[in-house]
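1. Requesting a structural model of the entry that follows:
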Amino acid sequence: MSRVAIVARKWRAEDVGISLQLHPILRESNSVVYIISPYYAGNLDKNEDSREERPMRFSKGVVHRVTAYVYLQARIAAKILMSRKEVDVLIFHVGGDLLLPMLTAKVLRKQIIILTSGSISAASRFSRQGFSHVLEAAEKINLLLCDNVVAYTDSCVGCFDLERYAGKIIISNPYFVDVDQFQVKIDFRLRPHAIGYLGRLTEEKGVFNLARSLTLVKNKADRPMTIIVGDGALREDLEAFLKKNGLEDSVSFLGWREHDDLPSILNSLRLLILPSYTEGLPNAILEAMACGTPVLATSVGGIPDVIKDKETGFIMKDNSPECIAESIVRALQDPHLEDISRNSRELVAREYSFQGAVKRWKKVQEAMSK
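-> Below is the predicted model of the structure:
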């Protein structure tokens, strides 16, 4: 059994992707599971104090953002150095651009695995950091230096331009859905005429295009209530745009919500919309499907491996406001929408259980044991 550490650029004890998903999977087959982040390093199984230190604050100028970026990397590298005797394998979780931590791990001769959930090159098109080319270069170097790259699905390989690393790639998705928590609580036929969005309010998520699409529905009687769950840099701009276009009464911003609140929210929707420019395989999609809520999404990352148009959900040709508006109408008026709801629930229950995730992760575990 291996001694494994999850390396993350940020972490909280209630983090869903790490604490509630990846950690339980790793715990099944490894003797030690550590978390290493800028402000914490410790064994999650020992219930050590996991409160993070208060991070330093930097202003929004480019120079200060670069300073913050270097500072974050230096802290993670220092935590890796401090934990060198405790772990043998480092799994970089959403940290493909963490070059200094990667170099530190290589010097320490640790086995390194990158878990890809998106493309920095694609996301950098929407970045306001001012040094996106540096992030892209760091990502490419890290992909060359690591021992293995884990892609969620086959489609992710092509979507993230990973073909050149074919010898390192392992197809595995460590995530799962608790179908006892995320289940159908409101019969689909009884749900209100409501659609929703769940995620960060940032440019790469395409959420502003969703807002623009709502203005194209001229007949108020046909316009569904829209529930937006999440927060981010675009929130104020989105609220101003919706108010300017007279849509503030038909759109509800709920902000960030606890993970335990999501089942009831998802059960209040007839359609979840994810109009992203780039994605891996969002847990929000699987959780919505588990609640019998059909998903309308763009064909990016691993999404087309899960959502088959008009079978287990709906795929948009693109995320232009016009296409989103047309796709919403197409989905809500589909005569087989209730069947699609049931198909999506059955797919998640069948393929995305905890035991299914453990079985999928076995390929990675075998690579870690070499």
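2. Tell me if Arg212 really is in a helix.
-> Yes. Under DSSP: H, G, I helix; E, B strand; the rest coil, Arg212 sits within a helix.
3. Excluding chain neighbours, what is closest to it?
-> Nearest residue to Arg212, sequence neighbours excluded (C-beta to C-beta, 6 or more residues apart in numbering): Pro321, at 3.8 Å. C-beta: built from backbone N, CA, C; applies to glycine.
4. ditto for Gly280
-> Ser117 (3.4 Å).
5. can you check Ile265 too?
-> Val229 (6.1 Å).
6. Quick check: phi and psi at that neighbour.
-> Note on Val229: its backbone torsions stand at phi -110, psi 120 [degrees, to the nearest 10].
7. where in the stretch 1-150 of the chain is pLDDT low?
-> Of all residues in the stretch 1-150 of the chain, those with pLDDT under 70 make up the ranges 12-16, 46-62, 95, 120-131.
8. And the strands in it?
-> For the stretch 1-150 of the chain, the strands defined by DSSP state E, counting those that start in this stretch occupy 2-8, 30-37, 40-43, 89-93, 111-116, 148-151.
9. Next: the stretch 251-370 of the chain.
-> Going by DSSP E, counting those that start in this stretch, the stretch 251-370 of the chain shows strands at 251-255, 271-274, 295-298, 314-316.
10. Ok, which of those strands comes nearest Leu337?
-> Closest to Leu337 of those is strand 271-274 (C-beta to C-beta; 8.4 Å).
11. Which strands and helices lie in contact with the closest one?
-> strand 194-198, helix 283-290, strand 295-298, helix 321-332 (3 or more C-beta pairs under 8 Å, 6 or more residues apart in numbering; DSSP states H and E).
12. quick one, the first one and strand 251-255 angle?
-> Looking back up the chat, that one is strand 194-198. 30 degrees (axes from the mean of the first three to the mean of the last three C-alpha atoms, to 10 degrees).
13. likewise the longest one?
-> Here helix 321-332 runs at an angle of 90 degrees relative to strand 251-255 (the same axes, to 10 degrees).
14. which helices and strands sit right next to helix 321-332?
-> Using 3+ C-beta pairs under 8 Å, 6+ apart, helix 321-332 sits against helix 207-214, strand 271-274, strand 295-298, strand 314-316.
15. And the contacts of it?
-> 193, 195, 209-210, 212-217, 222, 224, 270-271, 273, 275, 294, 296, 314, 316-317, 337 (C-beta atoms under 8 Å, 6 or more residues apart in numbering).
16. Would you mark the buried spots in that helix?
-> Neighbour counts over helix 321-332 (16 or more other C-beta atoms under 10 Å) mark 321, 323-325, 327-328, 331-332 as buried.
17. now do the third one
-> Within strand 295-298, the residues that count as buried by 16+ other C-beta under 10 Å are 295-298.
18. elements contacting that strand?
-> strand 271-274, helix 283-290, strand 314-316, helix 321-332.
19. and His259, which of these is closest to it?
-> helix 283-290 (8.9 Å).
20. Might you report the residue contacts of Ala284?
-> Per C-beta under 8 Å, 6+ apart, neighbours of Ala284: 198-199, 272, 274.
21. at 7 Å instead, please
-> 198-199, 274 (C-beta atoms under 7 Å, 6 or more residues apart in numbering).
22. how about TSV for the helices and strands packed on helix 321-332, with mean pLDDT and distance to Asp260 added?
-> What follows is the helices and strands packed on helix 321-332, written out as TSV (pLDDT from 0 to 100; distance: least, C-beta to C-beta, whole Å):
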stretch	mean pLDDT	distance to Asp260
helix 207-214	95	23
strand 271-274	98	18
strand 295-298	98	21
strand 314-316	98	27
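23. tell me, what residue is most central in this protein?
-> Taking C-alpha atoms, centre = their mean, the centroid of the chain lies closest to Pro282, which sits 4.3 Å from it.
24. about what we covered before: out of the helices and strands packed on strand 295-298, which is closest to Val107?
-> Closest among those, using C-beta to C-beta: helix 283-290, at 33.9 Å.
25. Render the CA-only coordinates of the closest one in PDB, please.
-> Extracted in PDB, the C-alpha atoms of helix 283-290 (Å, rounded to 0.1, in the frame of the first residue of the first chain):
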ATOM      1  CA  ASN A 283     -19.700  16.900 -10.200                       C
ATOM      2  CA  ALA A 284     -22.800  19.200 -10.600                       C
ATOM      3  CA  ILE A 285     -23.800  17.300 -13.700                       C
ATOM      4  CA  LEU A 286     -23.700  13.900 -12.000                       C
ATOM      5  CA  GLU A 287     -25.500  15.200  -8.900                       C
ATOM      6  CA  ALA A 288     -28.200  16.800 -11.000                       C
ATOM      7  CA  MET A 289     -28.700  13.600 -13.000                       C
ATOM      8  CA  ALA A 290     -28.900  11.600  -9.700                       C
END
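26. What residues of that helix count as buried?
-> Result for helix 283-290 [16+ other C-beta under 10 Å]: buried residues 283-290.
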